[in-house]
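**Student:** sequence and predicted structure, then a few things I'm wondering about:
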There are 2 protein chains.
Amino acid sequence: MRISELSRRSAVSVPTIKYYLRERLLAPGTPTAANQADYSDAHLRRLRLIRALIDVGKLPVARARDVLAAVDAGDVPPHRLLGVAHAAVSRQTAYDPADPTWRSAQAEVDDLVRRRGWNVVAGSPGLAQAADAIRALRTLGQEDVLDRCLDVYADAAETVASCELGRVVARPDPEGMVEAVVTGTVLGETLLTALRLLAQQDASARRLAGLRPSATPGEPETPHRP
Amino acid sequence: MRISELSRRSAVSVPTIKYYLRERLLAPGTPTAANQADYSDAHLRRLRLIRALIDVGKLPVARARDVLAAVDAGDVPPHRLLGVAHAAVSRQTAYDPADPTWRSAQAEVDDLVRRRGWNVVAGSPGLAQAADAIRALRTLGQEDVLDRCLDVYADAAETVASCELGRVVARPDPEGMVEAVVTGTVLGETLLTALRLLAQQDASARRLAGLRPSATPGEPETPHRP
């Protein structure tokens, strides 16, 4: 297909496709005439992945190129490939090993990981991010949420992760798996936290306002009169 | 106590406390001499809450003042108070009702809310945020995660929210409840998403790399040889 059709089918503009070609995120098409080239379904798939990395994962071009290089290497085992995609889209945290509050929060995370029997490599971004949250909660005197809910969070994380991985392994090729990891990590997080807000509102309505389950979302709340 | 002690006990600097006084987030102390005032434990509690709103919730001063006004009104029922705190710290999304992909994603969220029997008010920030994620997943052709995991996400959200609300209602005063909502919403989200990353890594290690549960987190992974 021509670049115009590639643009239409991918919903990525021609100037943006040309930019990805210049940046070597996308391989050149097969030349057919001066200034014309033919693009394949492989280009379309690659454009979807680039879009997931850059638009959804908010990756800088250089890091997107690293992820694509791992996909293209062909000899990277799937679990490592997922690690590359994961690391690329995870938030970075400013871990300071000289700070004792950081060190004790990190020890708490290590304890949890050990207790759950989780297979996690050193330097995994989730370790620092969890320590960051625990440290902030303790600094602010809000550790009651840890006493009450830490294992509830861990149970929820396990259930969600297991479902999400089922979807990743169902993909037929490395490109599709990485795409599923990137979109799932970023958009799955947005969805999960949005549903958590809604469920919190529901829990508050029931326990604090005595409302019954609603059959009409979006309508004003009516107090429950038993 | 003097402002210096208030600063020491709250870990908020004197210039920052003076800024909060000028911005009317913090009530003036009782004057004891020219340029001196006495501050109470109520000031200390209020400073903790301000810190939660501004440092953790990243609220602009004007919105923090609105939340504090609701806390101080005294006649706002707890469920509404939590709604105010919630709305203040939730992410805003650019909902465009003219866009059909938005409208159908929103209808999907409304369906889910109805199916779960969640008590949710119109305009709740979670509704738009969930629609945003669903719309992006469909636009990118990644809706398999919705088919497989939407109710798994909703179950996880309910379990987590119920535990979190138990902690909020255990607080003895409105100030403490709002503080728990703000810190729980923001830092609980960071913690939950970090644990989800770790659980995803574990699920990937087991299903893709054949690793057994690890008893030594942080050490290099060893393949499982049955």
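**Tutor:** Sure, I can see it. Being a predicted model, the structure only gives us computed values, none of them experimental.

**Student:** check contacts around the residue nearest to the spatial centre of chain A.
**Tutor:** Central residue of chain A (Cα atoms, centre = their mean): A:Thr185, 1.7 Å from the mean position. By Cβ atoms under 8 Å, 6 or more residues apart in numbering or on different chains, A:Thr185 lies in contact with A:Gly57, A:Ala85, A:His86, A:Val89, A:Ser90, B:Leu197, B:Gln200. Where C-beta positions appear, they are placed from N, C-alpha and C, glycine not excepted.

**Student:** one more time with 10 Å, if that's ok
**Tutor:** Counting by Cβ atoms under 10 Å, 6 or more residues apart in numbering or on different chains, A:Thr185 touches A:56-57, A:82, A:85-86, A:88-90, A:164, A:168, B:193, B:196-197, B:200.

**Student:** next: A:Pro15.
**Tutor:** A:Ser7.

**Student:** which SSE is it in?
**Tutor:** Secondary structure from DSSP states H and E places A:Pro15 in helix A:14-22.

**Student:** before we move on, the earlier item: tell me the angle the strand or helix carrying the residue nearest to the centre of chain A makes with helix B:174-209.
**Tutor:** When elements are assigned from DSSP H and E, A:Thr185 belongs to helix A:174-209. For helix A:174-209 against helix B:174-209, the angle by axes from the mean of the first three to the mean of the last three Cα atoms, to 10 degrees is 150 degrees.

**Student:** surely A:Thr139 and A:Ala105 touch.
**Tutor:** Yes - contact criterion Cβ atoms under 10 Å: A:Thr139 and A:Ala105 qualify, at 9.2 Å.

**Student:** ok so, going back, per-residue confidence averaged over the helix holding A:Pro15?
**Tutor:** Taken as a whole, helix A:14-22 has a mean pLDDT of 95.

**Student:** more neighbours: which of A:Thr139 and A:Ala105?
**Tutor:** A:Ala105 (24 against 15; other Cβ atoms under 10 Å in any protein chain shown).

**Student:** give me the nearest residue to the more buried one, chain neighbours excluded.
**Tutor:** Of all residues not flanking A:Ala105 in the chain, A:Arg135 sits nearest, at 3.8 Å (Cβ to Cβ, 6 or more residues apart in numbering or on different chains).

**Student:** where does that neighbour land in three-state SS?
**Tutor:** helix (DSSP: H, G, I helix; E, B strand; the rest coil).

**Student:** which residues touch it?
**Tutor:** A:93, A:95-96, A:99, A:101-106, A:108-109, B:187.

**Student:** returning to what we had before: which of the contacts of A:Thr185 fall within helices?
**Tutor:** Secondary structure from DSSP state H places A:Leu82, A:Ala85, A:His86, A:Ala88, A:Val89, A:Glu164, A:Val168, B:Thr193, B:Arg196, B:Leu197, B:Gln200 of those in helices.

**Student:** and which of the residues you listed is nearest A:Val152?
**Tutor:** B:Arg196 (13.1 Å; Cβ to Cβ).

**Student:** least confident secondary structure element in chain A?
**Tutor:** Least confident helix or strand, chain A: helix A:78-89 with a mean of 82, by mean pLDDT, DSSP states H and E.

**Student:** low-confidence regions, chain A specifically.
**Tutor:** Applying pLDDT under 70 to chain A picks out residues A:94, A:211-226.

**Student:** quick one: stretch A:64-73 near chain B?
**Tutor:** No - with Cβ under 10 Å from any Cβ of the partner chain as the criterion, chain B is not reached by stretch A:64-73; the gap is at least 14.5 Å.

**Student:** A:Gln36: neighbour count?
**Tutor:** So A:Gln36, with other Cβ under 10 Å, has 11 neighbours.

**Student:** and which of the ones in helices among the contacts of A:Thr185 is nearest B:Asp147?
**Tutor:** Here the nearest of the ones in helices among the contacts of A:Thr185 to B:Asp147, counting by Cβ to Cβ, is A:Glu164; it sits at 12.5 Å.

**Student:** the closest one and B:Asp202 touch, don't they?
**Tutor:** No - look at A:Glu164 against B:Asp202 with Cβ under 10 Å: they stay out of range, at 12.0 Å.

**Student:** gap between A:Gly184 and A:Ala136?
**Tutor:** Separation of A:Gly184 from A:Ala136 (Cβ to Cβ, to the nearest Å): 26 Å.

**Student:** with A:Ile17 instead?
**Tutor:** 42 Å.

**Student:** what sits against A:Gln92?
**Tutor:** For A:Gln92, the contacting residues are A:Pro125, A:Ala128, A:Gln129, by Cβ under 10 Å, 6+ apart.

**Student:** among the residues you listed, who's most crowded?
**Tutor:** Highest neighbour count within these, by other Cβ under 10 Å: A:Gln129, with 23 neighbours.

**Student:** confirm that one sits in a helix?
**Tutor:** Yes - under three-state DSSP, A:Gln129 sits within a helix.

**Student:** pull the contacting residues for the closest residue to it other than its chain neighbours.
**Tutor:** Using Cβ to Cβ, 6+ apart and skipping the chain neighbours, the partner closest in space to A:Gln129 is B:Ala194 (3.7 Å). By Cβ under 10 Å, 6+ apart, the contact set of B:Ala194 is A:90-91, A:93, A:109, A:124-134, A:153, A:157.

**Student:** isn't A:Asp55 up against A:Val12?
**Tutor:** Yes - in this structure, A:Asp55 is within contact of A:Val12 by Cβ under 10 Å, at 9.3 Å.

**Student:** so those two - more neighbours on which side?
**Tutor:** A:Val12 (20 against 15).

**Student:** let me know the secondary structure of the residue nearest to A:Ile50 when sequence neighbours are not counted.
**Tutor:** Setting aside the residues directly before and after it, A:Ile50 is nearest to A:Leu25 in space (Cβ to Cβ, 6+ apart), at 5.2 Å. Following three-state DSSP, A:Leu25 is assigned to coil.
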